[in-house]
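Trainee: how would this look folded up:
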Amino acid sequence: MASPIDLYTWNTPNGRKISVALEEMALPYAVHLIDITQGRQFDEAFLRISPNNRIPAIVDPEGPDGQPISVFESGAILIYLAEKTGQFLPRDARLRVQALEWLMWQVGGFGPMPGQVHHFLGVSNPEDQRYGLERYSKETRRLYGVMDKRLATHEFFAGELSIADFAILGWAWRHERHKVDLAEYPNVRRWYDQLMARPGVRRGFEVGMN
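Mentor: Model (predicted):
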């Protein structure tokens, strides 16, 4: 039996991407909680795994050469796991490019932008909140529109289920916190409900992370 992968994480969209992927890939793993509300991401031991002091990070005791390897940054972790298992990263070259495009779209946009919405929703001073919340809410809604247009003609972002879907789902999971009603984006709603009905996805969201 394969040794479990150590997952260092907390209950965030980026953390959930990885638990969903691990469950869907049927990889054994052990969860190690990094309580970011208490600053545990700055502990020296964690920094040796994740030098940017961000969760999630993993340590695979059975790396490419049979030796342990650590991986930080959620996008890199998803690519690593997909290549390790040969799952959820299309073999077809054109579809593979699409999966990587949409993965990078999430990492560069549909994550940082709604993340700013989360931040400004927590700002108590209305004068400080107004500009940032308006700016980032508008961009977040634009990104939902991009998703909806893509999913109008594709069942999944790269045609077939891939790590791009897991990455994007981690943030779509927080749509209520983004103040976004998925009824306004019916193709996103269809995709979201389809993924959330998968047993592996459900397990990935149910595993304790705080």
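
Trainee: buried residues in the helix ranked longest in the chain, which are they?
Mentor: Ordering each helix of the chain by length in residues (DSSP state H) puts helix 126-151 first. The neighbour-count check on helix 126-151 (16 or more other CB atoms under 10 Å) flags 133, 136, 137, 139, 140, 141, 143, 144, 147, 148, 150, 151 as buried. For the C-beta atoms, the positions are set from N, CA and C on the backbone; glycine is no exception.

Trainee: pretty sure the third one sits against residue 119.
Mentor: No. The pair formed by residue 137 and residue 119 falls short of the contact definition of CB atoms under 8 Å, at 11.6 Å.

Trainee: how near is the residue of the chain positioned farthest from its centre to residue 136?
Mentor: Of all residues in the chain, residue 127 has its C-alpha farthest from the mean position, at 31.6 Å, by CA atoms, centre = their mean. Going from residue 127 to residue 136 by CB to CB, to the nearest Å gives 16 Å.

Trainee: ok, now residue 185?
Mentor: Residue 185 is 17 Å from residue 136, by CB to CB.

Trainee: could you chop this protein up by domain?
Mentor: 5-88+201-206, 93-198 (automatic domain parsing).

Trainee: can you put the ones you listed in JSON lines and add mean pLDDT?
Mentor: Listed next are the domains of the chain as JSON lines, based on pLDDT from 0 to 100:
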{"stretch": "domain 5-88+201-206", "mean pLDDT": "97"}
{"stretch": "domain 93-198", "mean pLDDT": "96"}
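
Trainee: can you tell me the element residue 81 falls in?
Mentor: Assigned by DSSP states H and E, residue 81 belongs to helix 74-85.

Trainee: give the buried residues for that helix.
Mentor: If you call a residue buried by 16+ other CB under 10 Å, then helix 74-85 has these buried ones: 74, 75, 77, 78, 79, 80, 81, 82, 84.

Trainee: OK, contacts around the fifth one?
Mentor: Residue 79 makes contacts with 89, 100, 103, 163, as judged by CB atoms under 8 Å, 6 or more residues apart in numbering.

Trainee: next step: these restricted to helices.
Mentor: Per DSSP H, those map to helices at 100, 103, 163.

Trainee: what is the burial count for the second one?
Mentor: Each residue near residue 103 was counted by other CB atoms under 10 Å, and the total is 26.

Trainee: now swap in residue 58 and tell me
Mentor: 25.

Trainee: contact partners for it?
Mentor: Applying CB under 8 Å, 6+ apart to residue 58 gives the contacts 5, 6, 7, 8, 18, 29, 70, 71, 77, 80, 81.

Trainee: do that again at 7 Å, thanks
Mentor: 5, 6, 7, 18, 70, 71, 77 (CB atoms under 7 Å, 6 or more residues apart in numbering).
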